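**Student:** this is a predicted model, with the sequence first.
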Amino acid sequence: MMGAREPLDDAYDRQARLQTKDGICAYLGHISHATYDNWHNRGLVPGPVKGTSRYDRRAHDHALDCRAGLSGSPQAPSALEVWESRNAG
C-alpha cells in the first residue's frame, strides 16, 4: 500500500538549486513554514538569497553541516556567494 503523498512533495524541485519556501521546507524534512521561520530566527538556516524569495539548497546544507560539525576546512566560496558578498547592502 502506498502512503499518502505529502502536500509539499510537489514543491521541491530536485534539479533546482534555488527553491521556493515550500520547496526548501519539503527538502528539510517536510517542516512547516512556522518551523522554518523559527529555525531562521534562531540562526539554524540562512533564509532566502538576498533580494529574492528563493532559498539556496547548498547554503542550507552548508549551514546544517557546520552546525553538526561536519564541515572540515572552509571551501572556496561559490560564484553565488562571491556575488552576494559583492552586492550586499
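**Tutor:** Good, I have the coordinates.
**Student:** what number of residues lie near Val45?
**Tutor:** Val45: 20 surrounding residues under other Cβ atoms under 10 Å. All C-beta spots, glycine's among them, are computed from the backbone N, C-alpha and C.
**Student:** what helix or strand does the nearest residue to it once chain neighbours are set aside sit in?
**Tutor:** Among residues not flanking Val45 along the chain, Trp39 sits closest, at 4.8 Å (Cβ to Cβ, 6 or more residues apart in numbering). Using DSSP states H and E, Trp39 sits within helix 33-41.
**Student:** now do Tyr49 against Asp10, distance only.
**Tutor:** If you look again at residue 49, you'll see it is Val, not Tyr. For Val49, the distance to Asp10 equals 22 Å [Cβ to Cβ, to the nearest Å].
**Student:** the two - which one has more neighbours?
**Tutor:** Neighbours were counted for Val49 and for Asp10 using other Cβ under 10 Å; Val49 has more, 17 against 11.
**Student:** sec struct for the more buried one, please.
**Tutor:** Using DSSP: H, G, I helix; E, B strand; the rest coil, the structure places Val49 in coil.
**Student:** just name the shakiest helix or strand of this structure by mean pLDDT.
**Tutor:** Counting by mean pLDDT, DSSP states H and E, the chain has its least confident helix or strand at helix 79-87, which shows a mean of 77.
**Student:** mind checking how far the top helix by length along the chain is from the chain centre?
**Tutor:** The residue-count maximum for a helix in the chain (DSSP state H) belongs to helix 57-67. Computed by Cα atoms, centre = their mean, to the nearest Å, the chain-centroid distance of helix 57-67 equals 7 Å.
**Student:** now stretch 22-31
**Tutor:** 9 Å.
**Student:** now do the end-to-end distance for that stretch.
**Tutor:** Chord length of stretch 22-31, first to last residue, is 9 Å (Cα to Cα, to the nearest Å).
**Student:** buried residues in it?
**Tutor:** 22-28, 31 (16 or more other Cβ atoms under 10 Å).
**Student:** okay if I get those residues as TSV plus pLDDT and distance to Arg14?
**Tutor:** Shown next, in TSV, are the buried residues of stretch 22-31 (pLDDT from 0 to 100; distance: Cβ to Cβ, whole Å):
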residue	pLDDT	distance to Arg14
Asp22	96	14
Gly23	96	10
Ile24	96	13
Cys25	97	15
Ala26	95	10
Tyr27	96	9
Leu28	96	14
Ile31	96	18
